[in-house]
Each structure stands twice: as structure tokens, then as C-alpha cells.
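Student: Fold the following for me, if possible:
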Amino acid sequence: MNRKPSLASILDVLCDTRIFLFGLALATLCIAWILPPLQSPDEMDHLKRAWALGKGEILLSKNPSGGSSGFFVDSGLLAYMDIHARIRFRPDLKFQPAEFEKAKQMQWSRQEVFSEAPGTGYYFPIIYLPQAVGLRLGRAVGLGIYGSYWVARVLAWSVALAALLIASLVHPTGLLTLFLLAMPMMLFQFSSASIDQLLVAFTILYLGLCSRLMGRRTYMISGRILASDGEVMLLTLLGIFLACAHQNLSPLVLFIFLLAWKRRSWAIFQLGVTASITILGWAFLAMATTRDLRIPRPLTGADIASYYLENPGVAVELVWRTISNPAQWNYWWTGFVGLMGWLDTRLPESFYPVAALAVCVAGLLSIGRLDSSVSRLESLIAVLAAFCVMAITFAAMIFSWTPIPHHEVRGIQGRYFIFPALLLAHALRDRPRSGELRGRMAAFFLLSWLLMSALFTLQAVQVRHYN
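Tutor: Here you go, the predicted structure:
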């Protein structure tokens with residue numbers, strides 16, 4: 001006679017990361033189904049960059065009118081964007097059914113006009129490959145702009161989920177990391193055609209590969225890495241890819257140097273140096289070829305750098321006034337949890353303190369024993385990298401968005417904190433095992449949080465765009 005499965009055995013099954021990823025996929029598909037196109041922050045500019053990559057363009061083009069840098073983009077795609085841009089930053093406006101039907105019928109014009117997109121100039125464009133393939137593939141098979149956009153959106157979603165699945169196979173993904181993926185803001189971004197979900201997924205893959213390599217031995221011959229140990233090379237390439245695609249992630253290269261120290265390997269140290277030089281090279285090239293006039297200022301980037309180098313106390317005071325302002329922390333926390341869309345799609349106010357409590361619970365369930373000096377050092381490097389990422393973020397906003405003089409640093413949004421949060425989660429990175437009480441509690445808590453976040457996100461999108 002077959003015995004009914006017990007609650008404990010069911011929870012043991014739910015401890016499998018693949019169950020969570022299936023739930024994440026289902027939740028984001030439901031959100032994507034009701035989310036109108038192009039409602040993620042800067043999604044329009046990201047699609048312009050993807051379009052340019054589809055033509056083989058790596059760097060931004062000079063504006064014929066002398067304005068900010070950008071690309072020559074199909075005019076039909078720009079017209080499609082204009083329809084959806086009408087409701088940006090206007091929570092009082094809804095996307096009308098007539099407009100939606102009009103947008104669905106729009107076709108590629110096969111004529112290009114220049115469009116500014118300076119904010120994308122610093123991202124190495126390979127991160128846009130899924131969207132670029134989607135747009136080109138859709139057009140090649142005769143789809144209109146709406147259909148091609150959905151191909152791009154689904155490809156970006158698929159690649160991100162595939163990276164998360166591979167990451168879980170490379171090394172067990174920590175509970176707090178999975179918890180962060182289930183934040184409403186992340187569910188929303190996963191449902192769009194932006195690049196946030198790709199950057200987050202590949203960052204988790206990179207950190208998982210780091211932990212895997214820290215725990216195994218690489219055999220060396222005359223100080224050189226054997227060809228069979230391609231994981232070290234993969235780690236280096238992935239680090240270069242992430243740091244060039246999003247320069248705030250440059251501190252990830254610290255893990256390569258940590259691996260070199262652990263292995264006492266000059267060859268891996270050289271890989272870290274090569275990665276650092278490559279990342280800096282791309283940063284200087286991107287800055288040299290990008291003209292950004294979105295914030296009118298009389299000073300050039302060189303003038304601003306010179307000013308703060310001569311007056312470091314001014315920069316310190318500027319940062320201190322920003323981080324000591326309670327209103328800023330409230331704004332950042334709201335944006336981190338879920339100030340979605342064009343900063344116009346909010347969750348119920350009661351959700352944000354509940355999310356704070358849930359983070360504390362996830363953190364407590366994630367704390368585990370670090371069983372070696374290397375584990376402790378890896379955690380310290382993760383914490384250091386998290387602070388470095390935020391320092392770079394503040395510096396970037398000071399140089400690009402903050403006028404001189406100004407009371408506080410401008411332009412920092414709550415969703416920018418996801419990468420430091422992932423690094424801090426990696427510092428804990430303990431995953432309660434199935435068969436343990438803590439593991440069963442963690443599985444129930446995580447899936448409950450995913451379900452709650454998905455339902456509240458669906459409600460917020462519904463209220464914002466349709467009710």
C-alpha cells in the first residue's frame with residue numbers, strides 16, 4: 001500500500017533550487033503577460049543599443065546635430081517607442097486599448113534615423129546579444145515590431161534563467177541570493193527586455209564559479225594552468241564580460257586575485273592583471289567615445305575630476321550628506337524592494353516594512369559556519385567588493401548626474417543596490433540542506449516569499465496600467 005508523502009518529505013523536495021527557478025520562471029511569465037512593453041527603466045535606450053549591436057556596431061555614433069551620442073535606429077522602432085513613452089513618469093495615465101492595437105500593427109520602416117542613447121555607451125554591448133538576436137530574428141522571419149520585441153524579451157528572459165540554472169549546478173546558490181531574486185523589483189526586471197536580469201544572473205554564475213574554484217585543486221605544470229582547467233579561464237572571461245558590461249562590477253576581479261593567492265599561482269595572478277587592464281581599457285574607450293549632454297553643465301568630465309581631486313573634502317561632504325539623510329534611505333529601500341517601471345509603479349505601503357522583516361529572516365536562515373580560512377577570506381573579499389561597487393556607483397553619479405555645487409549626490413536609485421546585496425549574500429552563502437529542519441523552514445519561507453512578491457507585483461502592475 002502506497003504511503004502518502006509527509007509534509008517533511010514535500011519540503012525536502014522543495015529545497016531543490018530547480019523548484020524555486022521553476023516558480024521564478026512562472027511568476028515572471030505571468031508578470032510579463034500583463035506588463036505593457038517598454039516599461040522598465042531605460043528599456044528603450046537598451047533596445048536601441050541592441051539594434052545597433054545587431055548591425056555589428058560596438059561603439060556609439062556621433063550625433064550629426066552635435067548633441068549626445070547615440071545610434072541610427074529603424075524609424076518604425078522609434079515610433080513604436082514613442083507610443084509607449086507617453087505614460088512614462090505619469091501614473092495618472094493608462095495605456096489605452098486603441099493605442100495597444102495600433103502599436104501591435106506597426107511594421108519595420110527599413111529607414112533609419114539618429115536617436116540619442118548616451119547612457120548605454122559605457123556598457124560593453126555583448127550583454128545585449130539576446131535582445132539583438134531577437135530583434136533581428138523577428139524582422140528576418142517577417143514579424144512586426146511588436147512580435148520582434150517579444151522575441152527579444154523572451155530570449156533575454158531565457159538566457160537569464162539558463163544562467164541561473166547553470167549557476168545552481170556549478171555551486172549551490174545561497175538562500176539569501178534566491179530571496180533577493182524574488183524581490184518584486186527583480187521579478188519586474190526579469191519580465192522586461194532590459195539587461196538587469198542578465199547582469200544579475202551572470203553575476204550569480206560568476207560568484208558560484210568562484211566558490212567552486214576556491215574549493216578544488218588546480219594542477220599546475222611549471223606555473224602554467226593546464227588546458228583541462230578551463231574553469232579558471234572561464235572565470236576570468238566572465239569577470240571581464242561583467243565588468244565591461246557594467247563598470248560598477250569591476251571589483252569582481254578581486255576574486256581572481258584571491259584565487260591566485262589561494263593557489264599560489266603566478267599564472268592566475270597574470271590573468272587578474274590582464275582582466276584589470278582590459279576592463280580599464282574599455283572604460284577609457286567608452287568614455288572617450290560617448291558624449292552625454294543629458295545634464296547641462298558648463299564643466300567637462302575632466303574639469304569635474306580636477307575639481308574633486310583638488311577638493312576631496314567637498315566630495316566626502318557631498319557623500320556624507322547623502323547617506324546621512326533618512327529620506328534618501330527610505331527612497332533607496334522603496335526602490336530596492338519595488339519602485340517599478342519609470343519610478344511610477346508602487347507596491348502597497350505596508351509591503352515595504354514587511355520586506356525589511358523578511359530580509360532579516362532570510363539573513364538569519366542563511367548564516368552558516370565558515371569552515372576554513374579561505375572561506376572567511378572569500379567572505380571578506382565579497383564584503384569589500386560590495387562596498388567598492390557602491391563607491392563606484394556614487395562616484396559615477398557624482399561625475400555624470402550631480403551639478404556643482406549641489407547638496408546631495410543625484411541619480412542613485414534603489415535597484416542599484418542589488419549587486420552589493422548579492423555580494424553580501426555571497427559572504428553568507430550558506431544554503432540549508434534538505435532533511436534538516438532549517439532547510440525545510442527555509443524552503444517554505446522562500447517559496448512563500450516568491451508567491452507573495454509575485455502576487456503583489458501583479459497587483460501593482462494591474463493597478464498602474466489598467467485600473
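Student: pLDDT weak spots in the stretch 251-400 of the chain?
Tutor: 297-302, 368-374 (pLDDT under 70).
Student: And the next helix or strand past whichever strand or helix holds Val232?
Tutor: If you go by DSSP states H and E, Val232 is part of helix 230-245. Later in the chain than helix 230-245, the nearest helix or strand by DSSP H and E is helix 254-263.
Student: roughly how far is that next one from the heart of the chain?
Tutor: Distance, stretch centre to chain centre, for helix 254-263: 24 Å (CA atoms, centre = their mean, to the nearest Å).
Student: So which elements touch that helix?
Tutor: Under the contact definition 3 or more CB pairs under 8 Å, 6 or more residues apart in numbering; DSSP states H and E, helix 254-263 sits against helix 196-214, helix 230-245, helix 266-289, helix 373-400. All C-beta spots, glycine's among them, are computed from the backbone N, C-alpha and C.
Student: mind listing what's buried in it?
Tutor: 254-260, 262-263 (16 or more other CB atoms under 10 Å).
Student: Could you list the residues in contact with it?
Tutor: Helix 254-263 is contacted from outside by 206-207, 210, 213-214, 218, 220, 232, 235-236, 239, 265-266, 268-269, 271-272, 275, 374, 377-378, 381, 384-385, 388, using CB atoms under 8 Å, 6 or more residues apart in numbering.
Student: For ChimeraX, what selects the buried ones among these?
Tutor: In ChimeraX, a selection of the buried entries from the contacts of helix 254-263 looks like this (16+ other CB under 10 Å):
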select :206,207,210,213,214,218,220,232,235,236,239,265,268,269,271,272,275,378,381,385,388
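Student: what are the phi and psi angles of Ser115?
Tutor: When read as degrees, to the nearest 10, the backbone of Ser115 gives phi -140, psi 130.
Student: Looking at strand pairing, list the partners for it.
Tutor: Phe71 (DSSP bridges).
Student: What distance do you get for it to Trp33?
Tutor: 29 Å (CB to CB, to the nearest Å).
Student: So for the two, which sits in the more crowded spot?
Tutor: Ser115 (21 against 10; other CB atoms under 10 Å).
Student: right, and that one touches Leu47 too?
Tutor: No. Taking contacts as CB atoms under 8 Å, Ser115 lies outside contact range of Leu47: 10.4 Å.
Student: now the strands: where do they sit in the stretch 1-150 of the chain?
Tutor: 70-74, 112-116 (DSSP state E, counting those that start in this stretch).
Student: would you list these in JSON lines and tack on mean pLDDT?
Tutor: Putting the strands of the stretch 1-150 of the chain into JSON lines (pLDDT from 0 to 100) gives the following:
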{"stretch": "strand 70-74", "mean pLDDT": "95"}
{"stretch": "strand 112-116", "mean pLDDT": "95"}
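Student: most neighbours per residue, which of the ones you listed?
Tutor: strand 70-74 (a mean of 22; mean count of other CB atoms under 10 Å).
Student: Next, the nearest residue to Ala355 once chain neighbours are set aside: secondary structure please.
Tutor: Take Ala355 and drop its neighbours on the chain: the residue closest to it by CB to CB, 6 or more residues apart in numbering is Val337, 4.6 Å away. Secondary structure assignment for Val337 (DSSP: H, G, I helix; E, B strand; the rest coil): helix.
Student: and Val337, what is it in contact with?
Tutor: So Val337 contacts 183-185, 347, 351-352, 355, 414 (CB under 8 Å, 6+ apart).
Student: Of those residues, which pair is most distant in space?
Tutor: Greatest spatial distance among these (CB to CB): Phe351 and Gly414, at 13.8 Å.
Student: still on that earlier bit, let's have the strands of the stretch 1-150 of the chain in CSV, adding distance to Leu21.
Tutor: Listed next are the strands of the stretch 1-150 of the chain as CSV, based on distance: least, CB to CB, whole Å:
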stretch, distance to Leu21
strand 70-74, 34
strand 112-116, 36
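Student: hmm, back to that, what would the helices and strands packed on helix 254-263 look like in TSV with distance to Trp332?
Tutor: Below are the helices and strands packed on helix 254-263 laid out as TSV (distance: least, CB to CB, whole Å):
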stretch	distance to Trp332
helix 196-214	16
helix 230-245	23
helix 266-289	25
helix 373-400	11
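Student: before we move on, back to that, among the buried residues of helix 254-263, find me the one that's closest to Glu101.
Tutor: Phe255 (49.8 Å).
Student: Determine which of the strands of the stretch 1-150 of the chain approaches His171 most closely.
Tutor: strand 70-74 (38.1 Å).
Student: Now do the closest one: distance to the chain's middle.
Tutor: That offset, for strand 70-74, works out to 24 Å (CA atoms, centre = their mean).
Student: Ok, stretch 397-412 next?
Tutor: Counting by CA atoms, centre = their mean, stretch 397-412 comes out at 22 Å from the chain centroid.
Student: now do stretch 62-77
Tutor: 26 Å.
Student: quick revisit: include distance to Thr402, secondary structure and neighbour count when you put the contacts of Val337 into a markdown table, please.
Tutor: Shown next, in a markdown table, are the contacts of Val337 (distance: CB to CB, whole Å; DSSP: H, G, I helix; E, B strand; the rest coil; neighbours: other CB atoms under 10 Å):
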| residue | distance to Thr402 | secondary structure | neighbour count |
| --- | --- | --- | --- |
| Met183 | 27 | coil | 23 |
| Pro184 | 28 | helix | 26 |
| Met185 | 24 | helix | 24 |
| Leu347 | 28 | coil | 22 |
| Phe351 | 31 | helix | 21 |
| Tyr352 | 26 | helix | 17 |
| Ala355 | 29 | helix | 22 |
| Gly414 | 18 | helix | 20 |
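Student: List just the nearest of those to Trp51.
Tutor: Met185 (25.9 Å).
Student: Show the pLDDT at that closest one.
Tutor: At Met185, the model reports a pLDDT of 97.
Student: What are the neighbouring residues in contact with it?
Tutor: 335-340, 414-415, 418.
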